[in-house]
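S.K.: sequence first, predicted model second:
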Amino acid sequence: MTLPHDLDKLRSQTSAAVKAHWKAFLFEGVLLVILGIAAMLVPAFASLAVTIFLGWMFLISGIGGLIVTWWARSMPGFWWSLISAALAVLAGLVLLAQPMQGVLTLTIVIGAYFVAEGVATIMYALEHRRELSGRWSWLLIAGLMDILIAFFIIAGLPGSAEWAIGLLVGLNLMFGGATLIGMALAARNT
């Protein structure tokens, strides 16, 4: 059981650690903003880089999974674990062998994700319009924006595959970096 005193102590320790290392957070934030802007300026390159990175991640995790699965072959679920690891290896090899087709496939998946996320957010907003009073409309707008983004991505295929992943990754890096910069500057001033 965590006591309020323990939570206060943890908060003050976290705050002290952030204040002590605010320059590191500032540096990381600036670096992320620069990388985000670069990804948005050259989204095709960023899309390709993300696809190749994912290919390596699938390949390495799949090989690791094969080794661990073989090592623990007496465990229940051996065949399912083996199939899962082999699929990861296969996915990694496909992404690395055909990265441009991988970019297209990942773009389709992202488009489908934005459609599903948009519909779910809209339904959530409509279900909670009484409880959230005026704030439910923000959820509705967010859901509509997700569907609009999905429309631009899906309607623009295959051309949108060149920019969609790179742009979204760039935006994510830029906003993440801006958040770290804000946190670092706030910590410096406390």
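M.R.: Yes, it's here.

S.K.: off-centre distance for stretch 135-149?
M.R.: 19 Å (Cα atoms, centre = their mean, to the nearest Å).

S.K.: buried set for it?
M.R.: Residues of stretch 135-149 classed as buried: 136, 139-140, 143, 146-147, 149 (neighbour count, 16 or more other Cβ atoms under 10 Å). Glycine gets a C-beta too; all of them are placed from N, C-alpha and C.

S.K.: okay but residue 28 is in contact with residue 177, surely?
M.R.: Yes: under the criterion of Cβ atoms under 8 Å, residue 28 makes contact with residue 177 at 7.4 Å.

S.K.: more neighbours: which of those two?
M.R.: residue 177 (21 against 16; other Cβ atoms under 10 Å).

S.K.: same for the helix or strand hosting residue 58, what does it pack against?
M.R.: For residue 58, the host element (DSSP states H and E) is helix 43-71. Using 3 or more Cβ pairs under 8 Å, 6 or more residues apart in numbering; DSSP states H and E, the elements in contact with helix 43-71 are helix 22-41, helix 78-97, helix 99-127, helix 164-188.

S.K.: now the buried residues of stretch 135-149 in a markdown table, please, with extra columns for secondary structure, pLDDT and distance to residue 127.
M.R.: Below are the buried residues of stretch 135-149 laid out as a markdown table (DSSP: H, G, I helix; E, B strand; the rest coil; pLDDT from 0 to 100; distance: Cβ to Cβ, whole Å):
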| residue | secondary structure | pLDDT | distance to residue 127 |
| --- | --- | --- | --- |
| 136 | helix | 80 | 9 |
| 139 | helix | 84 | 10 |
| 140 | helix | 89 | 11 |
| 143 | helix | 91 | 12 |
| 146 | helix | 92 | 17 |
| 147 | helix | 95 | 17 |
| 149 | helix | 93 | 22 |
